[in-house]
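In: Predicted model and sequence follow; I will ask about them next.
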Amino acid sequence: MSYVLNDAPGERIAQPTRERVLAAAARLGYAPSLAGRALANGHSDIVLLAMPDVPSGELTSRFIDAVTRSLAAQGLTVVVHFDVPSAPRLPRLAAMLSVRAVLSLLPLPDAELAALRRLGVRAVPAGTESDGHAVAALTRRQGRMQVDHLAGAGHTHLAYALPADPRLSVFADPRHDGVRQACAARDLPAPVAFTVPGDPPAVVAAVRALLDDAPQVTAICAYNDEVALAVLHGMRELGVAVPARMALIGVDGIPLSAYSAPPLTTITVAPAAAARHLARVAVARLSGDRATPVPVEDVLHLTPRATT
């Protein structure tokens, strides 16, 4: 029976016998034991997607969905692990699930990498600096693209709008670095940084303070579209004309960015392309192929609208 149910190669089972076994299994509702398969193979078909402890938004959901679909097509099941303080540590969870690989959006600590190696679990990063898919490389490039667009429109004094949630610093800081680097490369003054709070009255106060303290600023690079939409609210409440007095650009390309008044210029991210890249890298690593280059897709592009 096990030869039929496991479709064992090299075993000659008569077709009538095979059909009777499969029919009986269907009547009984038989399903293969994942634990037994993992024991036999030394691993399961599960890959762990390690996500940082950050608020989940539109882009995160689309990325996880695309990774799940891409790897499901390869017969792999994705389990998502958010690195919140109360969650089990990554190596422990990997051991519990007998995972084949851990896919990480951000670089893993050396201690966790060593523990995964001892377990025989492959650690697959989202990308490298050389292929441009490392998160830090992508976020710095987003900041540079924001400056390129604004400077190309004639703006020379810029500001950078930071999110208030400290958990977002893993993305906000490299993006801020990209803005600073692009300003320096163009011999522009360093961008004026200000934090955008989470409630509307405080947002208005933050925007007013920027206008009072840095009247030379004529354009703002926002950390992402949600921060940009909050800044846009503050400008509207204060009667500031956008883009005539203050231009504004976001990052992510969330659907709501097209419906703001005026519609928001943004650096659009293609999460499906990023997910395909990660899935290709994972499949190549699991097959032991480190020599064949993985195709690289550009996951960023400018979406110009009416705020610039």
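Out: That came through, no problem.
In: contacts, neighbours, all on C-alpha from now
Out: OK.
In: All the helices of the protein, residue numbers only.
Out: 2-5, 15-28, 34-41, 58-72, 90-97, 110-119, 135-152, 169-185, 200-213, 225-238, 271-286 (DSSP state H).
In: Nearest to residue 160, out of those helices?
Out: helix 169-185 (7.0 Å; C-alpha to C-alpha).
In: The closest residue to residue 80 other than its chain neighbours: neighbour count?
Out: Leaving out its chain neighbours, the residue that sits closest to residue 80 by C-alpha to C-alpha, 6 or more residues apart in numbering is residue 49, at 4.8 Å. Residue 49 has 23 neighbours, counted by other C-alpha atoms under 10 Å.
In: Read off the pLDDT value for residue 49.
Out: If you check residue 49, the pLDDT there is 95.
In: likewise residue 58?
Out: So, for residue 58, pLDDT stands at 86.
In: Surely it touches residue 254?
Out: Yes: using C-alpha atoms under 8 Å, residue 58 is in contact with residue 254, at 6.6 Å.
In: ok, these two, which is more surrounded?
Out: residue 254 (19 against 12).
In: how much space between that one and residue 306?
Out: 16 Å (C-alpha to C-alpha, to the nearest Å).
In: pLDDT below threshold where in the stretch 201-308 of the chain?
Out: 290-296 (pLDDT under 70).
In: One more pass at 80, please.
Out: Flagging of the stretch 201-308 of the chain using pLDDT under 80 yields the residue ranges 288-297.
In: And for the nearest residue to residue 167 once chain neighbours are set aside, the neighbour number?
Out: Spatial nearest neighbour of residue 167, chain neighbours left out: residue 54 (5.5 Å); criterion: C-alpha to C-alpha, 6+ apart. By the criterion of other C-alpha under 10 Å, residue 54 has 17 neighbours.
In: Might one say that residue 54 is in contact with residue 166?
Out: No: shown here, residue 54 and residue 166 do not form a contact pair, counting by C-alpha under 8 Å, at 9.0 Å.
In: circling back to that earlier point, would you check how far apart the residue nearest to residue 167 and residue 137 are?
Out: Where residue 137 is concerned, residue 54 sits at a distance of 18 Å (C-alpha to C-alpha).
In: Show me this protein divided up by domain.
Out: Domain segmentation of the chain under automatic domain parsing yields 1-32, 41-132+273-294, 135-271.
In: how far does the last one sit from the chain's center?
Out: Computed by C-alpha atoms, centre = their mean, to the nearest Å, the separation of domain 135-271 from the middle of its chain amounts to 20 Å.
In: Can you give me the end-to-end span of it?
Out: 12 Å.
In: List the residues that contact residue 264.
Out: The contact partners of residue 264, taken as C-alpha atoms under 8 Å, 6 or more residues apart in numbering, are 225, 228, 229, 248, 249, 250, 257, 258, 304, 305, 306, 307.
In: from those residues, which two are the most distant?
Out: Between all members of the contacts of residue 264, the farthest pair (by C-alpha to C-alpha) comes out as 229 and 304, at 15.2 Å.
In: These two - which one has more neighbours?
Out: Of the pair residue 229 and residue 304, residue 229 is the one with more neighbours under other C-alpha under 10 Å, namely 21 against 15.
In: List the residues that contact the more buried one.
Out: Applying C-alpha under 8 Å, 6+ apart, the residues near residue 229 are 257, 260, 264.
In: That one and residue 221: what is the separation?
Out: 12 Å.
In: Check residue 177 too.
Out: 12 Å.
In: Need the residues touching each of the two.
Out: Looking at what touches both residue 177 and residue 221 (by C-alpha under 8 Å, 6+ apart), the common residues are residue 143.
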